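Student: return a 3D structure for these sequence lines:
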Amino acid sequence: MNTLRWLERVAWIAGLALLAIYAGVRISSERARLDGIAAIEQARDTLLKEQSSGYAAPAGAPPDMSLWSPSRIAAWRHASSATTQPQAILHIPSVDLRVPVFDGTSEANLNRGAGRIEGTARVGERGNVGLAAHRDGYFRALKDVRIGDLVQLTTKREVLTYRVAELFVVEPTQVEVLAPSSTARLTLVTCYPFYFLGSAPRRFIVRAELMQPASHAAEVDDVTAGPRASANRT
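Tutor: Below you'll find the model as predicted:
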């Protein structure tokens, strides 16, 4: 009987300790995300002040990370001290996704945001901009994206607004989804299925087309969710 009581106490102590560790990892992970967003917003705010517009981009609410895997959250902890500055903020209002975009798909970048896929157009350039992120992190939200949803890329100088045109699944070898384009488009890539033990075998693609010319820093960010319709390193 005493042994059972002792085991019960040990189990409670272990459970509480794990909860405390999990809470600490989530706080650290969220700090990394907010730091990346703040870097773009600070640069944008500085430019706006130089233009005497008086506008500062809103910080936005923290995302819901309840669907994230513990290993992905833990990886953020190691990436939170990275000093590389983000290039933009990716925002999909319909799924409450707001994440910094870094140049390149290094593990450090993918652990704290989305990364521009090497070889694709750079953020702000005309062409096919490819962005990747982990399926068990930020890009798990892509499972709820629908055709017609709006996607926004905000840099310190401009706001680019896209509309989702296609949703499809490909094999990892089908790299033509990242081929250069004569039109301005955004291609979001993550592993698929979203819930899968081990390395997911396929890739989920969100293709969005630029719907209007870039709006410059002095203009207000007013993107709202559009109509909804049914439809690599991540």
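Student: ok, which stretches of the protein are helices?
Tutor: For the chain, applying DSSP state H gives helices covering 2-50, 70-79, 107-110.
Student: going by mean pLDDT, which of those comes out lowest?
Tutor: Looking at those, the lowest mean pLDDT belongs to helix 2-50 (a mean of 65).
Student: longest strand in this structure, by residue count?
Tutor: Of all the segments of type strand in the chain, defined by DSSP state E, the longest one is strand 158-170.
Student: and it, what's buried?
Tutor: Of the residues in strand 158-170, those with enough neighbours to count as buried (16 or more other Cβ atoms under 10 Å) are 158-164, 167, 170. (C-beta placed from N, C-alpha, C; glycine too.)
Student: and it, what's its mean pLDDT?
Tutor: Averaging pLDDT along strand 158-170 yields 96.
Student: for that strand, packing partners?
Tutor: With contacts taken as 3 or more Cβ pairs under 8 Å, 6 or more residues apart in numbering; DSSP states H and E, strand 158-170 sits against strand 150-154, strand 185-192, strand 202-210, strand 215-216.
Student: each with direction, which strands does that strand pair with?
Tutor: Here strand 158-170 is paired, per DSSP bridges, with strand 150-154 (antiparallel), strand 202-210 (antiparallel), strand 215-216 (antiparallel).
Student: now the angle from that strand to strand 185-192?
Tutor: Angle, strand 158-170 to strand 185-192, by axes from the mean of the first three to the mean of the last three Cα atoms, to 10 degrees: 40 degrees.
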